[in-house]
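Novice: okay, sequence plus prediction incoming.
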Amino acid sequence: MAAKQPPPLMKKHSQTDLVSRLKTRKILGVGGEDDDGEVHRSKISQVLGNEIKFAVREPLGLRVWQFVSAVLFSGIAIMALAFPDQLYDAVFDGAQVTSKTPIRLYGGALLSISLIMWNALYTAEKVIIRWTLLTEACYFSVQFLVVTATLAETGLVSEGILLLLASRLLFVTISVYYYYQVGRKPKKV
């Protein structure tokens, strides 16, 4: 007995039929607008969502501020590590350094923070950007408090110290501003 041959494959014409394709898309629920006004081209994009929703809307100047912060932290860190006497002299106007070790430790800590700042410059993750901005704000706040307490103890007031205090207040304000701007809920368009 001869083996029975399967019937030849027939080409389905419904794929080329425009009305049939539109009906299929309507049944699947793609091609039309959803509740948010988005038009999905496939069921997969409808289920997974649109990646544009998850992109961080960066406030104007955020990346410039991150770059300036990274350069500032790196520059002061290198100066504290390589030239501790000159850094101390620039801030405290002629006061003698009793030991270079604390200034160099300060430089090492700043260098570590600057590495975090450089890495945050290249990320798009909202959480990482916010944490680095919060780190900056905390650092500048603590530095402001420490320098103010040192001024109260020693009574040394110089132009360099006043400039340092004013710059720290400005840097805290900018970092906190961007921290809250990055954390805001995006407005629906």
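Specialist: Cool, the structure landed. Numbers count the residues shown, from 1 in each chain.

Novice: what's the least confident helix or strand in the chain, going by average pLDDT?
Specialist: helix 43-48 (a mean of 58; mean pLDDT, DSSP states H and E).

Novice: and the strands in this protein?
Specialist: Using DSSP state E, no strands are assigned anywhere in the chain.

Novice: which residue is nearest the middle of it?
Specialist: Computing the C-alpha centroid of the chain and ranking residues by CA atoms, centre = their mean puts I129 first, at 2.4 Å.

Novice: where along this structure do the helices fall?
Specialist: With DSSP state H as the criterion, the chain has helices at 18-28, 43-48, 62-82, 84-92, 101-121, 126-154, 159-183.

Novice: wait, which of these is closest to Q5?
Specialist: For those, proximity to Q5 was assessed by CB to CB; helix 18-28 is nearest, at 29.9 Å. For every residue, glycine as well, the C-beta is placed using N, CA and C.

Novice: got any ranges where this protein has weak pLDDT?
Specialist: Applying pLDDT under 70 to the chain picks out residues 1-2, 8-22, 25-56, 94-95, 186-189.

Novice: sorry, back to before: how close does the residue nearest to the centre of the chain get to G61?
Specialist: Distance check for I129 against G61: by CB to CB, to the nearest Å, it reads 13 Å.

Novice: same deal with I174?
Specialist: Distance of I174 to G61, given as CB to CB: 9 Å.

Novice: the more surrounded of those two?
Specialist: Set I174 next to G61 and count neighbours by other CB atoms under 10 Å: I174 wins out with 18 against 13.

Novice: mind listing what the closest residue in space to the more buried one that isn't next to it in sequence touches?
Specialist: Distances taken as CB to CB, 6 or more residues apart in numbering put W65 closest to I174, at 6.1 Å, once the chain neighbours are dropped. Neighbour list for W65: I174, S175, Y178 [criterion: CB atoms under 8 Å, 6 or more residues apart in numbering].

Novice: again with A77
Specialist: G107, G108, L110, L111, I113, S114.

Novice: closest one of the contacts of W65 to S99?
Specialist: S175 (30.5 Å).

Novice: which positions within stretch 156-174 qualify as buried?
Specialist: Residues I161, L164, L165, R168, F171, V172, I174 are the ones in stretch 156-174 that count as buried (16 or more other CB atoms under 10 Å).

Novice: list of residues touching that stretch?
Specialist: By CB under 8 Å, 6+ apart, stretch 156-174 touches 65, 69, 90-93, 95, 136-137, 140-141, 143-144, 147-148, 151.

Novice: recalculate using a threshold of 6 Å.
Specialist: If you take CB atoms under 6 Å, 6 or more residues apart in numbering as the criterion, stretch 156-174 is touched by A90, V91, D93, A137, F140, S141, Q143, F144.
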